[in-house]
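In: here are the coordinates; sequence isn't available:
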């Protein structure tokens with residue numbers, strides 16, 4: 001029998017592994033009495049396994065298994081029983097295991113080799129001997145062991161020689177690993193192994209009321225890091241879990257990400273309260289998705305289809321915005337000077353209070369005024385009586401167009417009243433003012449679905465106008481008004497602009513952008529072909 005290593009000392013490896021010059025000087029570290037007793041006990045058990053005395057094998061294996069199981073329950077470093085048994089690993093694997101009998105004893109020996117393989121082997125021996133072992137509860141060997149087996153399952157599953165039979169065996173181990181992870185707050189590890197083994201649907205069954213939130217959060221966070229179709233599969237799995245636990249708003253969010261209309265309809269039909277119905281419709285309206293409510297099975301008592309349609313088409317958006325603004329007491333219109341705060345500037349060179357108007361400064365003020373009063377329906381430069389014309393004519397050409405277009409920002413979402421205030425500028429003889437008014441019509445209708453289609457009615461006549469500024473503003477206005485709608489009639493109106501001989505490169509560029517805005521998120525092949533033709 002080969003002599004065992006010195007029972008009273010163990011070599012200190014941490015400081016010498018990476019530095020050959022220190023190996024000669026490495027001094028053995030004295031073991032405590034407790035460690036000496038443990039090493040003696042383990043060495044004696046290995047000696048018994050080497051002997052040809054089958055009656056002592058079971059008791060020796062029982063000692064090794066119990067010591068390893070106790071030490072692996074909580075691992076922050078390599079446990080001492082593992083350290084003391086590492087020199088015997090090759091002997092246990094190649095010499096002792098093959099001669100073990102009967103089968104029960106051999107399986108117990110396989111358990112020992114499997115656990116030691118975590119620190120002694122890189123050939124997936126941990127998984128190999130797990131299959132040959134006693135098949136006891138995998139969690140009894142500790143969390144690190146389960147993680148190690150899980151990682152080896154993933155590599156075996158992805159190997160080139162993975163047959164259906166081999167994967168069937170691996171699936172049985174996955175069925176052991178996943179419930180353990182789910183019970184021990186390791187949902188991310190459960191998701192990882194199921195993603196690697198293409199068994200994501202198991203998560204729906206394994207998730208419970210305490211874990212589903214973390215499971216779905218992890219799945220959704222992984223979507224951006226995987227390619228098609230894995231990203232779609234992750235979202236569908238998360239959708240099923242949310243539906244299982246009646247988390248309808250979250251399910252609707254994923255259905256919209258998938259752009260799957262049947263799933264959206266299923267979620268909306270499953271709403272159990274009027275408030276939840278409205279919330280789901282607000283979500284759909286925010287993404288400018290319109291569902292035909294008349295054809296849906298909305299059986300909930302008290303359902304007002306017309307009100308839901310108004311919510312979904314963003315018909316209440318302007319009124320809700322005003323309500324919020326009044327509650328926050330921010331309805332008072334602001335001047336660009338309130339933002340610039342030039343009165344606080346001590347440098348006289350930059351103080352413009354007493355300087356004459358500059359076209360560039362006025363252009364900047366037009367933009368600032370539109371943004372700071374966006375959606376409030378009032379300001380101090382353009383909307384007061386007779387103030388609009390005065391301010392517009394303080395600008396030049398494109399500045400006049402921008403100032404007029406900023407009316408769309410000021411009157412955003414207020415289609416009925418907004419278009420009335422913009423209408424007078426459509427009759428202007430100045431081409432820049434008229435162009436700005438066309439753009440304002442598109443901006444004010446952005447995101448709003450109206451049965452009268454005012455933006456389409458007003459802008460369609462100018463798409464092929466002889467004036468290039470009007471072409472640009474009408475195309476861009478339609479792009480803003482119907483962004484994401486993928487409306488064929490609007491697309492058919494703009495596509496001819498690309499091929500018209502009178503269109504300048506600037507017009508063609510803006511028309512292409514408008515087509516992209518209208519069909520965004522729909523992968524419209526006809527739009528792609530039309531744009532790429534240039």
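Out: Good, I have the coordinates. Note that the coordinates shown come from a computational prediction; the quantities given were computed from them, not determined experimentally. Residues are numbered from 1 along each chain as shown.
In: with adjacent residues omitted, what lies nearest to residue 533?
Out: Excluding its sequence neighbours, the residue lying closest to residue 533 (Cβ to Cβ, 6 or more residues apart in numbering) is residue 498, at 7.2 Å. Any C-beta I mention is one placed from the backbone N, CA and C, and that applies to glycine too.
In: and the next element down the chain from the helix or strand harbouring residue 321?
Out: Following DSSP states H and E, one finds residue 321 within helix 317-327. Downstream of helix 317-327, the next assigned helix or strand under DSSP H and E is helix 336-340.
In: which residues are contacting that next one?
Out: Contact with helix 336-340 is made by 343, 364, 365, 368, 369, 372, 381, as judged by Cβ atoms under 8 Å, 6 or more residues apart in numbering.
In: now stretch 521-534
Out: With Cβ under 8 Å, 6+ apart, stretch 521-534 has contacts from 259, 484, 486, 491, 495, 498, 508, 512, 515, 516, 518, 519.
In: rewinding a little: report how many residues lie close to the residue nearest to residue 533.
Out: Residue 498: 17 surrounding residues under other Cβ atoms under 10 Å.
In: what's the helix or strand hosting it in contact with?
Out: Following DSSP H and E, one finds residue 498 within helix 488-499. For helix 488-499, contacts defined as Cβ under 8 Å, 6+ apart pick out 456, 460, 463-464, 471, 475, 478-479, 482, 503, 507-508, 511-512, 514-515, 518-519, 524, 526-527, 530-531, 533-534.
In: switch to 6 Å and redo it
Out: With contacts defined as Cβ atoms under 6 Å, 6 or more residues apart in numbering, helix 488-499 is touched by 460, 463, 475, 478, 482, 503, 508, 511, 514, 515, 518, 530.
In: stretch 191-200 too?
Out: 150, 154, 157, 174, 202, 203, 218, 233, 237.
In: now, these that are in helices?
Out: Judged by DSSP state H, helices contain the following of the contacts of stretch 191-200: 150, 154, 157, 174, 202, 203, 218, 233, 237.
In: before we move on, the earlier item: now the helix holding residue 498, how far from the centre of its chain.
Out: 34 Å (Cα atoms, centre = their mean, to the nearest Å).
In: so which bits of it are buried?
Out: 490, 491, 493, 494, 495, 497, 498 (16 or more other Cβ atoms under 10 Å).
In: one more: stretch 310-330?
Out: Buried, per 16+ other Cβ under 10 Å, within stretch 310-330: 310, 311, 312, 313, 314, 315, 316, 317, 318, 321, 322.
In: quick check: chain neighbours aside, which residue is closest to residue 62?
Out: Distance criterion Cβ to Cβ, 6+ apart; nearest residue to residue 62, sequence neighbours excluded, is residue 108 at 7.6 Å.
In: I'd assumed residue 61 was in contact with the one you found.
Out: Yes. Between residue 108 and residue 61 there is a contact at 4.4 Å, judged by Cβ atoms under 6 Å.
In: hmm, back to that, mind checking what helix or strand follows whichever strand or helix holds the residue nearest to residue 62 in sequence?
Out: Taking DSSP H and E as the definition, residue 108 sits inside helix 103-120. Next in sequence after helix 103-120, counting helices and strands by DSSP H and E, comes helix 125-132.
In: that following helix packs against which elements?
Out: helix 103-120, helix 143-158 (3 or more Cβ pairs under 6 Å, 6 or more residues apart in numbering; DSSP states H and E).
In: swap the cut-off to 10 Å and go again
Out: helix 103-120, helix 143-158, helix 164-183 (3 or more Cβ pairs under 10 Å, 6 or more residues apart in numbering; DSSP states H and E).
In: what pLDDT, on average, does the shortest one get?
Out: With pLDDT averaged residue by residue, helix 143-158 scores 90.
In: that helix versus helix 125-132: what angle between them?
Out: Computed by axes from the mean of the first three to the mean of the last three Cα atoms, to 10 degrees, the angle separating helix 143-158 from helix 125-132 equals 90 degrees.
In: got the buried residues for helix 143-158?
Out: Of all the residues in helix 143-158, those buried under the rule 16+ other Cβ under 10 Å are 143-154, 156-157.
In: so what pLDDT did the nearest residue to residue 92 once chain neighbours are set aside get?
Out: The shortest distance from residue 92 to any non-neighbouring residue, by Cβ to Cβ, 6+ apart, is to residue 113 (5.5 Å). Note for residue 113: predicted pLDDT of 91.
In: now residue 13
Out: Looking at residue 13, the pLDDT reads 43.
In: in this protein, which helix or strand is least confident?
Out: strand 9-11 (a mean of 44; mean pLDDT, DSSP states H and E).
In: can you give me the strands in this structure?
Out: For the chain, applying DSSP state E gives strands covering 9-11, 28-30.
In: low-confidence regions, the stretch 301-450 of the chain specifically.
Out: Residue ranges of the stretch 301-450 of the chain with pLDDT under 70: 342-357, 387-388.
In: can you redo the contacts of stretch 521-534 as CSV with distance to residue 335 and pLDDT?
Out: Formatted as CSV, those follow (distance: Cβ to Cβ, whole Å; pLDDT from 0 to 100):
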residue, distance to residue 335, pLDDT
259, 43, 89
484, 34, 87
486, 40, 88
491, 41, 93
495, 42, 93
498, 42, 92
508, 39, 93
512, 37, 94
515, 38, 94
516, 36, 94
518, 35, 92
519, 39, 92
